[in-house]
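Asks: structure for this input, please:
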Amino acid sequence: MENQAATDKPADDGRVILDPVEVRVLAVLAEKEALTPDVYPMSLNALVNGCNQLSSRDPVMALDESAVLDALHRLMERRLVAEVSLAGARVSKYEHRLRIRFALEQDKLAALTVLMLRGPQTAGEVRTRSGRIHEFASVADAEAALQFLIDKYPPLVARLPRAPGTKEARYMHLLGGADASSEDALPAAAGGAGSRSDRLVQLEEEVARLREETARLAAQFEEFRKQFE
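Replies: Sure thing, here's the model as predicted:
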């Protein structure tokens, strides 16, 4: 595999660095443990389908059994995944070890899983998209779980700088080896030709919103003025 050499061992500071396929496989196992416990641990076929799912995935992938199985073997070598033998089962089943490896309670595991499956998210998006993995009562609860992951050593999550024109910071997982201070980790609006386009879109949306608000206030004032005519 092209990325295997870079992921054969943890980083010097103790961080676990995974390639994109390993991240996807591990996250799908964590997601399906909560969403479909009746078919967990997962077979290779079910895991491939989960990795290639079109919804709740960013990016969408098209992995074959060979790629997923190779990732499973690497993850098992690093004790992040275990192969499970079930009585009467004709195929191998697999389960993740994220909870044990990183000492995570379900809320922290849910927040990490969403970031691994969907890429950088705000705390509000993490809360909304955690679904049945864990129900966060509030955005503050999601922020607390994310902060726990940031404060771990080595950290599992980083808070990204707020992009121009946005009100909320986004969070990203660090299991892919990205550094939140690096250019690659910054939101698209932080620089480059693409960022100018993003800022233009944001400004156009803001102008449209302000025009609608102005029209609404003008209509309300007109109704108010008519009361005194």
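Asks: tell me which residue is most central in this structure.
Replies: Leu115 (1.4 Å; C-alpha atoms, centre = their mean).
Asks: pretty sure it sits in a helix.
Replies: Yes - assigned with DSSP: H, G, I helix; E, B strand; the rest coil, Leu115 falls within a helix.
Asks: what's the closest non-adjacent residue to it?
Replies: His173 (4.1 Å; C-beta to C-beta, 6 or more residues apart in numbering). Every C-beta, even on glycine, is put in place using the N, C-alpha and C of the backbone.
Asks: residues contacting that neighbour?
Replies: With contact taken as C-beta atoms under 8 Å, 6 or more residues apart in numbering, His173 is in contact with 23, 112, 115-116, 149, 156-157.
Asks: ok, Arg101 next?
Replies: 16, 79-80.
Asks: quickly note the distance from the residue nearest to Leu115 to Gln121.
Replies: 10 Å (C-beta to C-beta, to the nearest Å).
Asks: any common contacting residues for the two?
Replies: Shared contacts of His173 and Gln121 (C-beta under 8 Å, 6+ apart): Leu115.
Asks: can you give me the buried ones in stretch 113-123?
Replies: 113-118, 120-123 (16 or more other C-beta atoms under 10 Å).
Asks: quick one: mean pLDDT for that stretch?
Replies: Taken as a whole, stretch 113-123 has an average pLDDT of 97.
Asks: endpoint to endpoint, it covers what distance?
Replies: In stretch 113-123, first residue to last residue: 13 Å (C-alpha to C-alpha, to the nearest Å).
Asks: I would like the residues contacting it, please.
Replies: 23-24, 26-28, 30-31, 56-59, 98, 125-126, 129-130, 133, 139, 142-143, 146, 157, 160, 168-173, 175, 187.
Asks: before we move on, back to that, out of the contacts of Arg101, which comes closest to Asp38?
Replies: Asp38 lies nearest to Leu80 out of the contacts of Arg101, by C-beta to C-beta, at 23.3 Å.
Asks: could you work out the most separated pair of the contacts of His173?
Replies: Within the contacts of His173, two members stand farthest from each other by C-beta to C-beta: Val23 and Leu149, at 14.8 Å.
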